[in-house]
Each structure stands twice: as C-alpha cells, then as structure tokens.
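Chemist: Provide a 3D model corresponding to the input given below.
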Amino acid sequence: MGSIMALDVGSKRIGVAVADPSESYALPLGKIERTNLRADLERIMEYVEGYRVTDLVVGDPITLSGERGIAAARIDAFVDELRRVFRGAIHRVDERLTTAQATKAMIAADVSRKQRRGAVDMMAAALILETFLARRRQS
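Modeler: Have a look, this model is predicted:
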C-alpha cells in the first residue's frame, strides 16, 4: 500500500510531510532547499520512491480574500511540471495561514528563530496534510 505525502512549496524551500500508515496524522519529514526545477523534482521523487507515495498533496497559496494571485499561478506551473514526473494523484489544499500557524506554534513552544527557519516549512506541509486527511475522513 502506498502513502500520502504533502508539499509546502515556497520560493526558497519545499517542506515535506508524510501520513502515517493508518492515515490518521501527518509526520513532518524534511525540507528541500530549492536550487532549480529539475533538481527540486528529483529530490521530491526520491521521497516519493522512498515512501512509496501514491498521492501528493500540494498547498495552494490562495490569497486571504480567496483569490488566485501570482503565487497560485507559480504553484499551478510547478504542479504541471510535477505531473510530468509523478504518476499518482495530485491533490490541492488551501494553505492559507499554514506557515503563520506553524510559526506561531513553534514560538509558543519556545523554538529559537534559527531552528524555526528550518522547521517551519515541514510543519506547514504537515498542517496541509492534516487538512487533507481530515477532509478525507469526513467524506
């Protein structure tokens, strides 16, 4: 059986999280430092193969007013490239406030600014995946 992985795609890093085998919760997995599209996709595919991923969940950066802006257009283009190398299902999940939510939780846990920089992306990916898993359980 395959697993579900989430990506929080930013301009500098891509946060990665994976669902536990029972698909009950998300586990922050790591982050990919962005270099170029080809290298980014190769790193994603290493995770995909290593975790036998059948479904990818990608954060959709919709503006607070609910519109699809420049960031959403960039992610649309990224997902199009992802579809060229990944044969499974790709789901999009509204990621509004996930990075802010992850940062706030880490500040509350007294995580240093330096440690937060590295962890916020994978925490945001975990929040995106948690949203997806919760919706899937409800339907």
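Chemist: give me the low-pLDDT residue ranges for the chain?
Modeler: Counting by pLDDT under 70, the chain shows low-confidence ranges at 1, 63, 96-118.
Chemist: and with 80 instead?
Modeler: For the chain, the stretches with pLDDT under 80 are 1-2, 62-69, 95-120.
Chemist: check contacts around R13.
Modeler: K31, I32, E33, R34, D121 (CB atoms under 8 Å, 6 or more residues apart in numbering). Just so you know, the C-beta spots here come from the backbone N, C-alpha and C atoms, and that holds for glycine as well.
Chemist: tell me how far the longest helix along the chain is from the chain's mean position?
Modeler: In the chain, taking DSSP state H as the definition, the longest helix is helix 113-138. Put simply, helix 113-138 sits 7 Å off its chain's centre (CA atoms, centre = their mean, to the nearest Å).
Chemist: tell me the buried residues in it?
Modeler: For helix 113-138, burial by neighbour count (16 or more other CB atoms under 10 Å) applies to 116, 119-133.
Chemist: closest to D40 out of these?
Modeler: Closest approach to D40 among the buried residues of helix 113-138 (CB to CB): D121, at 13.0 Å.
Chemist: ok, the closest one to V85 distance?
Modeler: 21 Å (CB to CB, to the nearest Å).
Chemist: where does V16 sit: helix, strand or coil?
Modeler: Here V16 takes the strand state, with states given by DSSP: H, G, I helix; E, B strand; the rest coil.
Chemist: neighbours of the closest residue to it other than its chain neighbours, how many?
Modeler: Nearest non-adjacent residue to V16, counting by CB to CB, 6 or more residues apart in numbering: L29, 4.5 Å away. By other CB atoms under 10 Å, the residues close to L29 number 18.
Chemist: many thanks, I have nothing further to ask.
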